[in-house]
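Novice: With the input below, show me the fold.
(one chain, ligands or ions: 2)
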Amino acid sequence: MNKKHLDLLAEKYDSEEKVVTEIINLEAILNLPKGTEHFVSDLHGEYQAFQHVLRNGSGKVKEKISDIFKNELTEDEISEFATLIYYPEEKLKLIKSNFTSDEELNEWYKTIIERMLQLIPYASSKYTRTKLRKALPSQFVFLIEELLYKTDKYTNKTDYYSSITEQIISLRQADKLISGLAYTIQRLVVDHLHVVGDIYDRGPEPDKIMDTLIDYHSLDIQWGNHDVLWLGAYAGSKVCLANILRICARYANLDIIEDAYGINLRPLLNLAEKYYEDNPAFRPKLQGDERLTEQEKLQITKIHQAIAMIQFKLESPIIKRRDCFNMEGRLLLEKVDYDRKEVTIKGETHPLENGCFQTVDPEDPARLLEEEQQVIDKLLFSIQHSEKLTRHMKFLMKKGNLYLKYNGNLLIHGCIPLDKDGNMETMTIEGETRGGRELLDLFEEKLRYSFAHPEMTEDLATDMVWYLWTGEYSSLFGKREMTTFERYFIKDKSTHKEEKNPYYYLRENEDVCRKMLEDFGLDPAQGHIINGHTPVKEIEGENPVKAGGKMVVIDGGFSKAYQSTTGIAGYTLLFNSFGMQLVAHQKFSSKEEVLKEGIDVLSVRRLVDKELERKMVRETNIGEEIKEQIATLRELLEARYMK
Ligand SMILES: O=P(O)(O)OC[C@H]1O[C@](O)(COP(=O)(O)O)[C@@H](O)[C@@H]1O
Ligand SMILES: [Mn+2]
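Specialist: Ligands and ions are numbered 1, 2, ... in the order given. A predicted model of the protein is given here:
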């Protein structure tokens, strides 16, 4: 370390004792069991269901309660206590309404506070006191610590301790304390969260999920294809922008754009009203709980067509200027015979149905009308100037990566594009050919560049963000081509099929997975690949744990639209010092039902892997960082205090 760095460090550690204390502290932390990691994916805007999984720690909260209270409490009481910890404010209201006198309520307060104070030391037994302190509700830290670290060997303090609780109750602070402790418990149960992609699209409240993640104590994100679509739109890609709007229209979620992000859709609506009529292919897909009038549905149907046509037109010039994308097959507007209402794809001619090509000039099909151009330009300006979207997109960039190596595992939303023999597929971009990890690194570099230059809308980096959404060798898409056009306009379902990359059957093979782990510099004996993206069809007997346990697919199945094809809601994964556990979730109905019935929509556990020896912080990513810090501190000690 150079002198300047040492000087800086010596300012913070300005005595030998301070350095030594920190070294001892860090060395000790290395010997603690590793914290629990929680993996979720494919949240798709389902804020309520996600909240539930987050608050119950995929079943961990209840498990801890059972461990401690199974001999004292009935199943129902355990459930009720668990629900109080998940949703303290709401549950407190419900419980309090059952009491008829203050005495009864106060007794209940005492018991519950006592139980919470029993649970906290258990839930925090892997952590240092400092870490626990950070998790405590700040306004009550002193009082809680007094109660947590009670030592009354000589019974001098019995009255002192009971007076603390009594005063809290009589000063009407009990609700606040209970809520605070509930969040402490939630936080202690999961040390670190991994969101393996697809926060956005299909469901109604991705913005609220983002706000939750922003407040979460420790997390990382692996971008999903839908997330990069939003990033791309914000970074200046008009075609990504058209896509996010199209998907919002398709799922009747334009409120996200208008109300959550404050973007004015009036210009788009005017265009839609002028050119489009009702069209069955563009009616919004409803998921049950939306209350829309016929008039509103019609309006959405028109917007849906208007933005879909803008999207198709915007794709054309990109495909033409980017040979390396190899997407000529997708120049479909140019393959339409507008008089005969037919399209020829891969040598086959299909009749078009539900066409809405009134703004298309057959001589120059990709040309945007002046009005369309203005609409998309205005929309781009608005989304780039939405304060809330800016905050969310910046956070997504800050916490996100295309893939992550964490504690020996490889986390990636989609895939690593492979050929059918299991070799890495390559792409040649600006004369350079790359595959596997190197290709993914290039994708990420381009995405970051595009994000840093929102004013550039047609450069390679911006076009590549769209490629990540839809390109054959995108690690997020993982399919040969996206058949959006065919699904709107062609009846023959065989044209709708999107052929998956060979990765999706090769990943069943242990050797292939081991090789991929090695390619990413991970130990194949220890590591796992953790994927999201593809719903696991439990109905058809598909197993989320593949390749002898090397591959785990955890599409959380939050997306209501897909639940009928999977049979259950989906999976999450937990990884603590004893190993990995897969948790299967049943469909989540509503918070209200959980509150009332106390039912938990959980969860079959399957053991993915069991550590032979308990895994310690020393063997984790954090452990590596701590070891580096220790080395630096030792250097400081040598240089400044040992001479
Ligand atoms: O069913 P929808 O909403 O039309 O979406 C289908 C499209 O979504 C995709 O499946 C991508 O989204 P996922 O990442 O959620 O799978 C495309 O392959 C497909 O064209
Ligand atoms: Mn996906």
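Novice: Do me a favour and get the end-to-end distance for stretch 532-547?
Specialist: The first residue of stretch 532-547 is 16 Å away from its last residue (Cα to Cα, to the nearest Å).
Novice: Contacts for it next, please.
Specialist: Taking contacts as Cβ atoms under 8 Å, 6 or more residues apart in numbering, the residues outside stretch 532-547 that touch it are 41-42, 196-198, 222, 224-225, 413-415, 476, 478, 504, 507-510, 512-513, 551-557, 559, 562, 565-568, 570-571, 582, 584, 606, 608. In short, each C-beta sits where N, CA and C put it, glycine included.
Novice: And Glu611, what's its pLDDT?
Specialist: Confidence at Glu611, expressed as pLDDT, is 73.
Novice: Could you check how far it is from Gln581?
Specialist: Counting by Cβ to Cβ, to the nearest Å, the gap between Glu611 and Gln581 amounts to 12 Å.
Novice: These two: who's more crowded?
Specialist: Gln581 (21 against 16; other Cβ atoms under 10 Å).
Novice: Name the helix or strand of the protein that has the lowest mean pLDDT.
Specialist: Least confident helix or strand, the chain: helix 563-566 with a mean of 64, by mean pLDDT, DSSP states H and E.
Novice: Name the strands paired with whatever helix or strand comes next after that one and say parallel or antiparallel.
Specialist: Taking DSSP states H and E as the definition, the helix or strand that follows helix 563-566 towards the C-terminus is strand 570-576. Each strand pairing with strand 570-576, determined using DSSP bridges, is listed with its direction: strand 37-40 (antiparallel), strand 579-585 (antiparallel).
Novice: Please compute how far strand 570-576 lies from its chain's middle.
Specialist: Using Cα atoms, centre = their mean, to the nearest Å, the distance from the centre of strand 570-576 to the centre of the chain it belongs to is 13 Å.
Novice: In three-state terms, label Arg291 for me.
Specialist: coil (DSSP: H, G, I helix; E, B strand; the rest coil).
Novice: so who does it touch?
Specialist: Counting by Cβ under 8 Å, 6+ apart, Arg291 has no contacts.
Novice: What residues are bridge-paired with the nearest residue in space to Tyr403 that is not next to it in sequence?
Specialist: If the residues on either side of it in the chain are set aside, Tyr403 comes closest to Ile412, at 4.2 Å by Cβ to Cβ, 6 or more residues apart in numbering. Here Ile412 sits in beta bridges with Tyr403, Asn531, going by DSSP bridges.
Novice: Show the contacting residues for Ile412.
Specialist: 196, 222, 402-404, 475, 529-531.
Novice: of those, closest to Trp108?
Specialist: Distances from the contacts of Ile412 to Trp108 were compared by Cβ to Cβ; the smallest belongs to Val196, at 40.5 Å.
Novice: Going by proximity to ligand 2, name the top residue of the stretch 251-400 of the chain.
Specialist: Ranked by Cβ to the ion, the top residue of the stretch 251-400 of the chain for proximity to ligand 2 is Gly400, at 14.0 Å.
Novice: Trp223 is in contact with that residue, correct?
Specialist: Yes: under the criterion of Cβ atoms under 8 Å, Gly400 is in contact with Trp223, at a separation of 4.9 Å.
Novice: Tell me which of these two has more neighbours.
Specialist: In terms of neighbours (other Cβ under 10 Å), Trp223 is the more surrounded of Gly400 and Trp223; the figures are 32 against 22.
Novice: hang on, the earlier thing: now do the same contact list for the residue lying closest to the residue of the stretch 251-400 of the chain closest to ligand 2 once chain neighbours are set aside.
Specialist: Excluding the flanking residues, the one nearest Gly400 by Cβ to Cβ, 6+ apart is Ile221, at 4.1 Å. Residues near Ile221 by Cβ under 8 Å, 6+ apart: 194-195, 197, 199, 213, 227, 396, 399-401.
Novice: in which helix or strand would I find Arg172?
Specialist: According to DSSP H and E, Arg172 maps onto no helix or strand at all.
Novice: Need the pLDDT of it.
Specialist: Confidence per residue is given as pLDDT, and for Arg172 that number is 93.
Novice: Tell me if I am right that Ser79 is in a strand.
Specialist: No: with the criterion set as three-state DSSP, the secondary structure at Ser79 is helix rather than a strand.
Novice: And for the residue nearest to it when sequence neighbours are not counted, the neighbour number?
Specialist: Distance criterion Cβ to Cβ, 6+ apart; nearest residue to Ser79, sequence neighbours excluded, is Gly598 at 3.9 Å. Here the neighbour count serves as a burial measure; for Gly598 (other Cβ under 10 Å) it reads 18.
Novice: got the contact list for Gly598?
Specialist: Under the contact definition (Cβ under 8 Å, 6+ apart), the residues listed for Gly598 are 76, 79-80, 82-83.
Novice: Kindly report the same for Leu26.
Specialist: Contacts here follow Cβ under 8 Å, 6+ apart; on that basis Leu26 touches 626, 629-630, 633.
Novice: ok, now how distant is the spatially closest residue to Ala366 that is not a sequence neighbour from Arg322?
Specialist: The spatially closest residue to Ala366, leaving aside those adjacent along the chain, is Ser316, at 3.4 Å (Cβ to Cβ, 6+ apart). Counting by Cβ to Cβ, the gap from Ser316 to Arg322 is 11 Å.
Novice: How about Val360?
Specialist: The gap separating Val360 from Arg322 is 22 Å, by Cβ to Cβ.
Novice: Repeat that for Asp259.
Specialist: The spacing between Asp259 and Arg322, counted by Cβ to Cβ, is 35 Å.
Novice: Render the CA-only coordinates of the one helix or strand Ile244 maps to in PDB, please.
Specialist: In this structure, Ile244 is located in helix 238-250 according to DSSP H and E. Coordinates of each C-alpha in helix 238-250 appear next as PDB, following Å, rounded to 0.1, in the frame of the first residue of the first chain:
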ATOM      1  CA  LYS A 238     -37.100   3.900 -28.800                       C
ATOM      2  CA  VAL A 239     -37.800   0.300 -29.800                       C
ATOM      3  CA  CYS A 240     -37.400  -0.800 -26.200                       C
ATOM      4  CA  LEU A 241     -39.700   2.000 -25.200                       C
ATOM      5  CA  ALA A 242     -42.400   0.900 -27.700                       C
ATOM      6  CA  ASN A 243     -42.100  -2.600 -26.300                       C
ATOM      7  CA  ILE A 244     -42.600  -1.700 -22.700                       C
ATOM      8  CA  LEU A 245     -45.600   0.300 -23.600                       C
ATOM      9  CA  ARG A 246     -47.000  -2.500 -25.800                       C
ATOM     10  CA  ILE A 247     -46.600  -4.900 -22.900                       C
ATOM     11  CA  CYS A 248     -48.300  -2.500 -20.500                       C
ATOM     12  CA  ALA A 249     -51.200  -2.100 -22.900                       C
ATOM     13  CA  ARG A 250     -51.400  -5.900 -23.500                       C
END
